[in-house]
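A.B. asks: build me a structure from this.
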Amino acid sequence: MNILIIKHHLTEKDALEVVNSRSRDLIPVVHSKVYYPYCWFLFSYTVKTPLGSRSINVSCLTDLCRNQAFTTDGFQRVEREVEVKQIVQERYSEAEAYKTARTYVVHSATHRMKALLLPELTLIEKKRVFKLFWIVECQRKEAPPFLILVDSTTGKYEILPD
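C.D. replies: Next comes the predicted model:
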């Protein structure tokens, strides 16, 4: 299946090094990789503040599994052929993601800019994008194995619950 992914910087080898840097007594092995779904929106808004009006563009991603939105810096997107089984199943629709993103951006703009009125948002662009995560299986002497999820763009990681 062809999908649009957020260009990543961490390779499989890099993901293993991230885990190794956490603890030298771990034996990490890449278990698999998954592509996590987001809906990306580029909004434009004008906000009126005590110092005058300002027009701003804002990039926002909405997680299609948790329906949580956050603003993001610009990122490159590349098309990639992936196996369908590597794609995490979405739980929210694009319409729900748009509503969440719009609410988040309005709230963020109102508080950040100390706006007098709610900003009027205009949707400039939207795309469904995916982010690559590496799943690394870790083994310790005399302990059960566990999994760590490594973000391929930031290198941040978290231990997955059993």
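A.B. asks: by contact count, what packs against the longest helix seen in the chain?
C.D. replies: The single longest helix within the chain, with elements called by DSSP state H, is helix 94-112. In terms of contacts (3 or more C-beta pairs under 8 Å, 6 or more residues apart in numbering; DSSP states H and E), helix 94-112 is packed against strand 27-49, strand 52-63, strand 69-71, strand 120-140. For every residue, glycine as well, the C-beta is placed using N, CA and C.
A.B. asks: ok now the last one, how far from the chain's centre?
C.D. replies: For strand 120-140, the gap between its own C-alpha mean and the chain's C-alpha mean amounts to 3 Å (C-alpha atoms, centre = their mean, to the nearest Å).
A.B. asks: how close does the residue lying farthest from the centre of the chain get to Arg24?
C.D. replies: What lies farthest from the middle of the chain is Glu142; by C-alpha atoms, centre = their mean that is 34.9 Å. Counting by C-beta to C-beta, to the nearest Å, the separation of Glu142 from Arg24 is 16 Å.
A.B. asks: shaky segments in the protein?
C.D. replies: Residues of the chain that meet the criterion pLDDT under 70 lie in 49, 112-117.
A.B. asks: mind putting the helices and strands packed on helix 94-112 in CSV, distance to Arg102 and mean neighbour count included?
C.D. replies: Output for those, formatted as CSV (distance: least, C-beta to C-beta, whole Å; neighbours: other C-beta atoms under 10 Å):
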stretch, distance to Arg102, mean neighbour count
strand 27-49, 8, 18
strand 52-63, 9, 16
strand 69-71, 9, 17
strand 120-140, 6, 17
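A.B. asks: CSV for those, including distance to Ala101?
C.D. replies: Written out in CSV, the entries for those read as follows (distance: least, C-beta to C-beta, whole Å):
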stretch, distance to Ala101
strand 27-49, 5
strand 52-63, 5
strand 69-71, 5
strand 120-140, 9
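A.B. asks: check the secondary structure at the closest residue to Lys141 other than its chain neighbours for me.
C.D. replies: On the basis of C-beta to C-beta, 6 or more residues apart in numbering, the spatially nearest residue to Lys141 that is not a chain neighbour turns out to be Asp25, at 7.2 Å. Under DSSP: H, G, I helix; E, B strand; the rest coil, the three-state class of Asp25 is coil.
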